[in-house]
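J.: Test case, fold it:
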Amino acid sequence: MANSDDKPTLKITLEDLAAVELPAQAPAGSMAAAAGARQYGNIAAPSDGPAVATEEKGHIFLKGWFYLGLAGLVGSLAGWGICEPFFSDNPQRRNGWAEIVMLPLIVMFTCLGLGVAESIVERSAKKAVIRGLLALALGLVFGFMFDRFANIIFFIGQQIIASLGVQTYKNPGFWLVRGIAWAVFGIAGGIVYGLVDRSGAKTKYGILGGLIGAGLGGMVFDPISFLTRTGSLSRAVGFGLLGLATGVAIGIVESALKDRWLYVASGPLAGKQFILYKALTTIGSSQSCDIYLFKDTSILPQHGAIEMRGAQTFIRSDGPVFISGSPARNRALQSGDLIQIGRYAFHFRERQRN
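T.: Down below sits the predicted model:
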């Protein structure tokens, strides 16, 4: 008797197997970002796909012209503030210590501000201390040295315009002479700005920017005194503008003449640009690196480096680095490449060459 529990035999043909469709699977390691969450890129992205990097809007205080201008303003006002209480507006009581050291101190503290501004923005306390001490020493020497040069230029300029009939400081010719003389102070700031970072190109751009900024600041010093009609206030505004214009001009010139740079697209420093001056620029979580990347434990103390070899630029890495979504250890960079290190994303850019 046949067993009542027997079932008909199930037959599967090759045609049946070919018709089977498997459900799509998400790539390994991928995870949907929470709504509204900030993304810095996915370092687990497949090698043949682009990394996800949300471009962030940079803050204005990360712009070079802004933080250098602010640093120059604060520095110059610090020098003025130390001497102003002891400064006399009475011509018969002039040539006290405050009158003698005011401009050198303004130069010294302006140099200090310009020397530490970038380190403060990058939140590197170690660099700020080291550069600050060097900037103070150089600024003190340059302050008195360039004050002497400025006085010589000012005296010669006065003699020239006097021979042309200019007899009063209300004449624009007098303003021009002061601007030319005070441009010398901008040279001091520019030199210190480059020397604290040990960069010849940065020094060159700093000198050019300092000349322009300090010259413009010197030219408006006397017109400001006419408007304010008060000795202390006119000096505060005039010297403050001198430091402000010097810093802003250095930042603008440096940005306009840069050749190769990294623009931070995302991360804590989004909006800042790192201009590549050196043949070898180190990157890592150590404050001794040229580009200090903080608040990311996945970044090694010495994570990698950017090397310039003639017209070509290379990146080499000791830790995970992704370029346009692909892992990279040692490769040449092309303008527009997206470099991702931990939570930071950079656009590599270079000036087009004819």
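
J.: and this protein, what are its domains?
T.: For the chain, automatic domain parsing gives the domain ranges 63-257, 260-350.

J.: In CSV, list the ones you listed along with mean pLDDT and mean neighbour count.
T.: For every residue, glycine as well, the C-beta is placed using N, CA and C. As requested, these are exported to CSV (pLDDT from 0 to 100; neighbours: other CB atoms under 10 Å):
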stretch, mean pLDDT, mean neighbour count
domain 63-257, 92, 20
domain 260-350, 93, 18
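
J.: Now residue 347: which helix or strand?
T.: Element membership for residue 347 (DSSP states H and E) is strand 344-350.

J.: Output the contacting helices and strands for that strand.
T.: The contact analysis (3 or more CB pairs under 8 Å, 6 or more residues apart in numbering; DSSP states H and E) places strand 344-350 against strand 260-266, strand 338-341.

J.: what sits up against it?
T.: 40-41, 51, 53, 55, 259-269, 274, 293, 296, 299, 313, 333-340 (CB atoms under 8 Å, 6 or more residues apart in numbering).

J.: ok, now stretch 307-324?
T.: 41, 43, 45, 50-51, 260, 276, 278-281, 298-300, 302-306, 327-333, 337-342, 348, 350, 353.

J.: Repeat that for stretch 242-251.
T.: By CB under 8 Å, 6+ apart, stretch 242-251 touches 63-77, 106, 110, 113-114, 117, 182, 185-186, 189-190, 193, 205-206, 209-210, 212-214, 216-218, 221.

J.: and if we set it to 6 Å?
T.: Applying CB atoms under 6 Å, 6 or more residues apart in numbering, the contact partners of stretch 242-251 are 64-65, 68-69, 71-73, 75-76, 110, 186, 189, 206, 209-210, 212-214, 216-217.

J.: list the helices and strands the helix or strand hosting residue 137 packs on?
T.: Using DSSP H and E, residue 137 falls within helix 125-163. In terms of contacts (3 or more CB pairs under 6 Å, 6 or more residues apart in numbering; DSSP states H and E), helix 125-163 is packed against helix 97-121, helix 172-195.

J.: Any figure for the gap between the nearest residue in space to residue 122 that is not next to it in sequence and residue 203?
T.: Spatial nearest neighbour of residue 122, excluding adjacent residues (CB to CB, 6 or more residues apart in numbering): residue 292 at 5.5 Å. According to CB to CB, to the nearest Å, residue 292 and residue 203 sit 21 Å apart.

J.: how far away is residue 245 from residue 215?
T.: Distance of residue 245 to residue 215, computed by CB to CB: 8 Å.

J.: Same check on residue 176?
T.: 9 Å.

J.: re the thing from before, how far is the strand holding residue 347 from where the chain is centred?
T.: 14 Å (CA atoms, centre = their mean, to the nearest Å).

J.: Keeping just the C-alphas, turn that strand into CSV.
T.: This file holds the C-alpha atoms of strand 344-350, laid out as CSV (Å, rounded to 0.1, in the frame of the first residue of the first chain):
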residue,chain,number,x,y,z
TYR,A,344,39.1,66.6,6.1
ALA,A,345,38.7,67.1,2.4
PHE,A,346,40.9,69.3,0.2
HIS,A,347,40.8,70.5,-3.3
PHE,A,348,44.3,70.7,-4.9
ARG,A,349,44.6,73.6,-7.2
GLU,A,350,47.3,75.2,-9.3
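
J.: Residue 261 bridge partners, please.
T.: The partner list for residue 261 in beta bridges (DSSP bridges) reads residue 275, residue 349.

J.: what's near enough to touch it?
T.: Applying CB under 6 Å, 6+ apart, the residues near residue 261 are 273, 275, 276, 349.

J.: run the last query once more with 10 Å
T.: Contact analysis of residue 261 by CB atoms under 10 Å, 6 or more residues apart in numbering lists 255, 273, 274, 275, 276, 277, 346, 347, 348, 349, 350, 351.

J.: The fourth one and residue 201 touch, don't they?
T.: To tie it back to what came earlier, the one meant is residue 275. Yes. Counting by CB atoms under 10 Å, residue 201 is a contact partner of residue 275 at 8.5 Å.

J.: what residues do these two have in common as contacts?
T.: Overlap of the contact sets of residue 275 and residue 201 (by CB under 10 Å, 6+ apart) consists of 254, 257, 258, 259.

J.: what helix or strand is the closest residue in space to residue 252 that isn't next to it in sequence on?
T.: In space, and not counting its chain neighbours, residue 252 is closest to residue 65: 5.0 Å by CB to CB, 6+ apart. Assessed by DSSP H and E, residue 65 sits inside helix 64-83.

J.: Hey, what's the angle from that helix to helix 125-163? Just curious.
T.: 70 degrees (axes from the mean of the first three to the mean of the last three CA atoms, to 10 degrees).

J.: for helix 64-83, the distance to its chain's centre please.
T.: Mean C-alpha position of helix 64-83 versus that of the full chain (CA atoms, centre = their mean) differs by 16 Å.

J.: Can I get it in CSV, CA atoms only?
T.: The C-alpha trace of helix 64-83 is given here as CSV (Å, rounded to 0.1, in the frame of the first residue of the first chain):
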residue,chain,number,x,y,z
GLY,A,64,44.0,85.2,4.9
TRP,A,65,43.3,88.9,4.2
PHE,A,66,40.8,88.9,7.1
TYR,A,67,42.8,87.3,9.9
LEU,A,68,46.1,89.1,8.8
GLY,A,69,44.3,92.4,8.7
LEU,A,70,42.8,91.8,12.2
ALA,A,71,46.2,90.8,13.5
GLY,A,72,47.9,93.9,12.1
LEU,A,73,45.1,96.1,13.6
VAL,A,74,45.4,94.5,17.0
GLY,A,75,49.2,94.6,17.0
SER,A,76,49.4,98.3,15.9
LEU,A,77,46.9,99.3,18.5
ALA,A,78,48.8,97.4,21.2
GLY,A,79,51.9,99.4,20.4
TRP,A,80,50.0,102.7,20.3
GLY,A,81,48.2,101.9,23.6
ILE,A,82,51.4,101.3,25.5
CYS,A,83,52.9,104.7,24.5
